[in-house]
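Student: fold the following, please.
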Amino acid sequence: MRASLKSTLRFCRAIAPALVIACRASSARAALPGSIFAPHSTPAHEEHQLALFVLGISLLIFLGVATLLTYSIFKFRARPNDDTEPPQVFGSLQIELSWTIIPILIIVVLFLGTARVLFSVQDAKKPANALDVVVIGHQFWWEYRYPQYNVVAANELHIPVSPSSAPRPTFMKLTSADVIHSFWVPQLGGKTDLLPNRVNEMWVDPQATGVYVGQCAQFCGAQHAKMLLRVFVDTPEEFDAWIKNQQRTQAELSQAHAQMTSAPKSGGAAGVSGGASGPAAEGAAGTDSSEESDVREGQAIFEQQACISCHTIAGTVANGRYGPDLTHLMSRATLASGAMDNNEANLEAWVEDPGNYKPGCLMPAMHLSEKQNSQITAYLLTLK
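Tutor: Sure thing, here's the model as predicted:
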């Protein structure tokens with residue numbers, strides 16, 4: 001009997017730290033990116049409330065069982081000098097009814113609560129102003145298509161905020177180009193699988209701007225862990241500006257880049273005197289010419305390599321569909337589906353040897369010279 005009491009006490013001591021940690025995590029949920037305890041859209045909020053409801057019922061069941069167990073241990077413990085056999089009970093209608101009816105009632109309550117949330121989320125009416133997005137999972141990156149705007153993006157999803165005063169939810173159709181993936185941004189909604197030859201649907205209505213992080217939640221291959229999700233929730237003005245920029249073709253980007261690089265640079269004494277002259281000015285002109293030459297050479301090398309078989313750059317001969325659309329590569333904050341920051345050094349290193357940073361990715365190293373890699377990088381840096 002003493003052994004039973006000690007086991008019970010050890011069990012209580014074991015679960016106490018877990019309960020404390022859970023309470024602290026819940027109280028600090030706002031500070032954790034991607035926390036399931038900080039919902040920012042209606043589906044996530046509904047699922048969060050359901051999770052707390054199920055957790056509450058589970059806690060009540062645990063406390064009830066633990067209380068009965070503790071009561072039985074103390075009530076029916078062996079007494080000193082008592083060697084008699086306790087009364088043998090062979091059946092009790094009351095006990096059998098209780099352990100049959102109570103679990104049935106609990107299951108019914110859980111079923112009704114879950115069904116209410118399922119119907120509320122899955123049967124939500126789509127408003128006329130909703131944003132449509134097609135999400136396609138690839139090994140190991142995300143493709144986003146905006147059919148209303150004829151825009152294709154990759155890895156970073158931009159959607160407008162949807163406050164209660166001016167709601168504009170985002171409705172997504174999800175499918176896969178190869179294996180099973182799973183779209184999960186905990187603060188915006190529950191995970192939804194992307195299956196080959198099948199279209200699943202989900203919707204979100206984020207009520208606060210910001211960046212929400214997620215993850216492919218279905219093992220999909222060697223780089224599943226680096227198939228990350230970033231959802232940018234923009235104000236309506238920011239979203240419209242982003243869409244407008246994404247609709248620009250490579251020809252427009254090249255023209256804008258040429259105007260930017262050819263614009264006279266002013267400042268300091270040069271600005272006052274109407275422009276610098278002599279060797280300094282010739283050096284500056286030579287630098288600009290060199291940069292423009294690298295960009296042109298980089299584009300030519302890009303279009304002569306197998307890059308164009310996998311990638312698209314609008315307005316050029318590159319029209320591949322196997323890899324991410326690169327038309328506006330530098331408008332993204334990250335490379336390789338969130339695996340690294342998008343800057344010049346990382347971009348050049350990625351072009352040189354993708355497998356060094358994302359082993360198992362399906363983009364091959366082209367084994368170009370250092371100068372060619374630098375020129376391709378110079379060209380890609382103009383894709384904004």
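Student: give me the neighbour count for the closest residue to Gly210 other than its chain neighbours.
Tutor: Using C-beta to C-beta, 6 or more residues apart in numbering and skipping the chain neighbours, the partner closest in space to Gly210 is Val233 (5.8 Å). (C-beta placed from N, C-alpha, C; glycine too.) By other C-beta atoms under 10 Å, 25 other residues sit near Val233.
Student: bridging residues for Val233?
Tutor: Ile159, Gly210 (DSSP bridges).
Student: and the gap between it and Thr170?
Tutor: Separation of Val233 from Thr170 (C-beta to C-beta, to the nearest Å): 9 Å.
Student: quick check: neighbours shared by these two?
Tutor: Residues within reach of Val233 and of Thr170 at once, by C-beta atoms under 8 Å, 6 or more residues apart in numbering, are Ile159, Pro160, Pro206.
Student: just checking, the first one touches Asp234?
Tutor: Meaning Ile159. Yes: the pair Ile159 / Asp234 is scored as a contact, 7.3 Å apart, by C-beta atoms under 8 Å.
Student: re the thing from before, residue contacts, the residue nearest to Gly210?
Tutor: Contacts of Val233 by C-beta under 8 Å, 6+ apart are His40, Ile159, Pro160, Val161, Pro206, Ala208, Thr209, Gly210, Val211, Tyr212.
Student: quick one: the helices in the stretch 51-200 of the chain?
Tutor: Under the criterion DSSP state H, counting those that start in this stretch, helices of the stretch 51-200 of the chain are mapped to 93-122.
Student: picking that back up, and the contacts of Val233, which of them are buried?
Tutor: Buried by 16 or more other C-beta atoms under 10 Å: His40, Ile159, Pro160, Val161, Pro206, Tyr212, out of the contacts of Val233.
Student: ok, the nearest residue to Pro186 once chain neighbours are set aside - contacts?
Tutor: Closest residue in space to Pro186, ignoring its immediate chain neighbours: Ile36 at 4.5 Å, by C-beta to C-beta, 6+ apart. By C-beta under 8 Å, 6+ apart, the contact list for Ile36 reads Ala44, His48, Ala51, Pro186, Gln187.
Student: quick check: of the residues you listed, which lies closest to Leu69?
Tutor: Ala51 (26.4 Å; C-beta to C-beta).
Student: circling back to that earlier point, need the max-distance pair from the contacts of Ile36.
Tutor: Farthest pair in the contacts of Ile36, by C-beta to C-beta: Ala51 and Gln187, 13.5 Å.
Student: which of the two has more neighbours?
Tutor: The neighbour comparison of Ala51 against Gln187 (other C-beta under 10 Å) goes to Gln187, with 27 against 15.
Student: if we can go back for a sec, columns pLDDT and distance to Thr377 on top of the contacts of Ile36, output as JSON lines?
Tutor: Converted to JSON lines, the contacts of Ile36 look like this (pLDDT from 0 to 100; distance: C-beta to C-beta, whole Å):
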{"residue": "Ala44", "pLDDT": "91", "distance to Thr377": "39"}
{"residue": "His48", "pLDDT": "91", "distance to Thr377": "44"}
{"residue": "Ala51", "pLDDT": "91", "distance to Thr377": "46"}
{"residue": "Pro186", "pLDDT": "92", "distance to Thr377": "35"}
{"residue": "Gln187", "pLDDT": "92", "distance to Thr377": "34"}
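Student: nice, that's everything, thank you.
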